[in-house]
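> whatever this is, show me its structure:
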Amino acid sequence: MKRSRIKTILSEGKIGGKVTLCGWVRTKRESKGIAFIALNDGSMQDTLQLVVSEGTSAFQKISNCNTGAAIKATGVLKDSPAQGQRFEVEVLDIEVYGDADPVKYPLQKKGHTLEFLREIGHLRPRTNTFGAVFRVRNILADAVHNFFQERGFIWIHTPIITASDCEGAGDLFTVTTLDLKNVPRNEGGDIDFSQDFFGKRAYLTVSGQLEAEFLGMSLGNVYAFGPTFRAENSNTTRHLSEFWMIEPEMAFADLRDDMELAEDFFRSLCSRVLEKCEPEIAFLEKYYKNTSAADLRELASKRFSHITYTEAVKELERAKQKFEFPVKLGLDLQSEHERYLTDTVFHGPVIVTDYPADIKAFYMRLNDDGKTVAAMDVLVPKIGEIIGGSQREERLDVLNDRMSRMGIPTENIEWYLDLRRYGSAPHAGFGLGFERLVQYITGMHNIRDVIPCPRAPQTIKF
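Numbering: from 1, shown residues only. Next up, the predicted model:
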């Protein structure tokens, strides 16, 4: 079956040319021997109007072309006399692949709440909102690869099943083949994972960073872009249990190189969305008002401000507004603090660097002051942190000391220490949660609305 997509027809179609298109009926109305069908095929935000006249074979099938039905229509492309649309198709024939009960079909011609649409996740991509969101997501994913590939980075595939906890947070999903009705125990009464599939306890990965480091220390510049998992019991609008992470690593790089890469990366993504998703952004701006093309244009062109953690705390202490969470040297910044810095102090993106070592991960490079680490957080207006990164600790003795102080066992990552024994070098990287990025660009309030099948506590329906 040779068909044309609506996006192609509207951009390249020739008046008078014969076209065949397939899609799903959005609306149908009949008036005095003529029917009008609004058809969408997912290729773009717009629908294409089909005009079916009485007396054609197609008109005999109109009764089955209800909202939600999947059809194939063949006809002639014509100029449309109606306002708001350039083309329409004079239909010669229709084939109905699958009808939809006009009473039971959940997506009626009315507004639906996002909460309701989450309950019908298998159908919500047919709506204007989720069609827009998932097309933006597609362009962003493509932009990620384009950015790194154009700069000579190598895409790597880090493991989904791992024996290590990269972040040391402990919120991991265990992977096991043990019989849960008869779990083996050791002499101490603990689960005996030596009898499990891998001979030790295994988890779903929380990050591919550690593996990206050893690949970066061989291939130069690499990036991981794949699924990661957190068993954190957070039922919020910004947390998922399964999400995608973008994690570049650069050999022979320091924190300044890392900041430059992150800034260029974020601006590039904003530019690509503006270039490829103008109708989607316009729709989301109109109906959800949390994003705008103007904001994205500013982000795509504006240089990021820089401030150290210590300077940021002093700035927050001078603030006239009251914060819910305390501001104090040694405490991590909260979202409200980060938003104050971006929205009130700098009026744009800002990179905060040199955090206290005690509140950051073991792998971040200790600064010469012995108190702070060469870490960075990229903060953007309205939400705060969107990218976190650091220069990695390349000195074996310092890394060993930090892991010991933080109670990080070396049992499962002795290979990670080997990188510091054999040809160690400065290196740096960052992590960006892809869904957080899509959420920010689209302006969707809930992160569960930017991924097709959200995974969260008590949520695994689809």
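> shaky segments in the stretch 151-300 of the chain?
Counting by pLDDT under 70, the ranges of the stretch 151-300 of the chain that qualify are 166-170.
> and the helices in it?
209-219, 255-276, 278-288, 293-301 (DSSP state H, counting those that start in this stretch).
> mind giving me the packing neighbours of the second one?
In terms of contacts (3 or more Cβ pairs under 8 Å, 6 or more residues apart in numbering; DSSP states H and E), helix 255-276 is packed against helix 128-150, strand 242-251, helix 293-301, strand 350-356, strand 372-380, strand 384-391, strand 427-433, helix 434-442. Every C-beta, even on glycine, is put in place using the N, C-alpha and C of the backbone.
> returning to what we had before: now the helices of the stretch 151-300 of the chain as CSV including distance to Asn146?
Below are those laid out as CSV (distance: least, Cβ to Cβ, whole Å):
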stretch, distance to Asn146
helix 209-219, 19
helix 255-276, 7
helix 278-288, 18
helix 293-301, 15
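> Arg405: neighbour count?
11 (other Cβ atoms under 10 Å).
> what about it, which helix or strand?
If you go by DSSP states H and E, Arg405 is part of helix 396-406.
> quick one on the thing from earlier: okay, the helices and strands packed on helix 255-276 in CSV with distance to Gly330 and mean neighbour count next?
Shown next, in CSV, are the helices and strands packed on helix 255-276 (distance: least, Cβ to Cβ, whole Å; neighbours: other Cβ atoms under 10 Å):
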stretch, distance to Gly330, mean neighbour count
helix 128-150, 35, 18
strand 242-251, 28, 23
helix 293-301, 31, 16
strand 350-356, 6, 22
strand 372-380, 11, 25
strand 384-391, 18, 22
strand 427-433, 23, 24
helix 434-442, 26, 24
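> show me the one of those that comes nearest His157.
Closest of the helices and strands packed on helix 255-276 to His157 is strand 242-251, at 11.7 Å (criterion: Cβ to Cβ).
> sheet partners, orientation included, of that closest one?
Within its sheet, and counting by DSSP bridges, strand 242-251 is paired with strand 221-229 (antiparallel), strand 427-433 (antiparallel).
> want to throw those strands into CSV with distance to Arg448?
Rendered in CSV, the data for the strands paired with strand 242-251 read as follows (distance: least, Cβ to Cβ, whole Å):
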stretch, distance to Arg448
strand 221-229, 16
strand 427-433, 14
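> let me know the average pLDDT across the helix holding Arg405.
The average of the pLDDT scores along helix 396-406 is 94.
> and the next helix or strand past it?
Per DSSP H and E, helix 396-406 leads on to helix 414-421 as the next helix or strand towards the C-terminus.
> and that next one, how far from the chain's centre?
Taking Cα atoms, centre = their mean, to the nearest Å, one finds the center of helix 414-421 at 32 Å from the center of the full chain.
> who are the packing partners of it?
helix 209-219, helix 396-406.
> nearest to Glu242, out of these?
helix 209-219 (17.4 Å).
> which residues touch stretch 337-346?
305, 307, 312, 315-316, 319, 321, 323, 325, 327, 348-350, 352, 377, 379-385 (Cβ atoms under 8 Å, 6 or more residues apart in numbering).
> buried residues in it?
Neighbour counts over stretch 337-346 (16 or more other Cβ atoms under 10 Å) mark 337-343, 345-346 as buried.
> okay, these in a markdown table with secondary structure and pLDDT next?
Conversion of the buried residues of stretch 337-346 to a markdown table gives the following (DSSP: H, G, I helix; E, B strand; the rest coil; pLDDT from 0 to 100):
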| residue | secondary structure | pLDDT |
| --- | --- | --- |
| His337 | helix | 98 |
| Glu338 | helix | 98 |
| Arg339 | helix | 97 |
| Tyr340 | helix | 97 |
| Leu341 | helix | 98 |
| Thr342 | helix | 97 |
| Asp343 | helix | 96 |
| Val345 | helix | 97 |
| Phe346 | coil | 97 |
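> so what's Ala143 closest to, chain neighbours aside?
Arg272 (3.9 Å; Cβ to Cβ, 6 or more residues apart in numbering).
> do Arg29 as well
Nearest residue to Arg29 in three dimensions, chain neighbours excluded: Phe36, at 5.3 Å (Cβ to Cβ, 6+ apart).
> wait, what's in contact with His145?
Contacts of His145 by Cβ under 8 Å, 6+ apart are 155, 225.
> okay, it: pLDDT?
98.
> any idea how far Ser218 is from it?
Remark: distance between His145 and Ser218 (Cβ to Cβ, to the nearest Å) = 21 Å.
> next one: Lys322
51 Å.
> between the two, who's got more neighbours?
A count of neighbours by other Cβ under 10 Å puts Ser218 above the other of Lys322 and Ser218, at 12 against 6.
> list the contacts for that one?
Contacts of Ser218 (Cβ under 8 Å, 6+ apart): none.
> what's the distance between it and Gln209?
According to Cβ to Cβ, Ser218 and Gln209 sit 15 Å apart.
> Glu394 now?
14 Å.
> dump the helices and strands packed on helix 255-276 to CSV, plus distance to Pro457.
Putting the helices and strands packed on helix 255-276 into CSV (distance: least, Cβ to Cβ, whole Å) gives the following:
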stretch, distance to Pro457
helix 128-150, 22
strand 242-251, 12
helix 293-301, 32
strand 350-356, 29
strand 372-380, 26
strand 384-391, 22
strand 427-433, 17
helix 434-442, 16
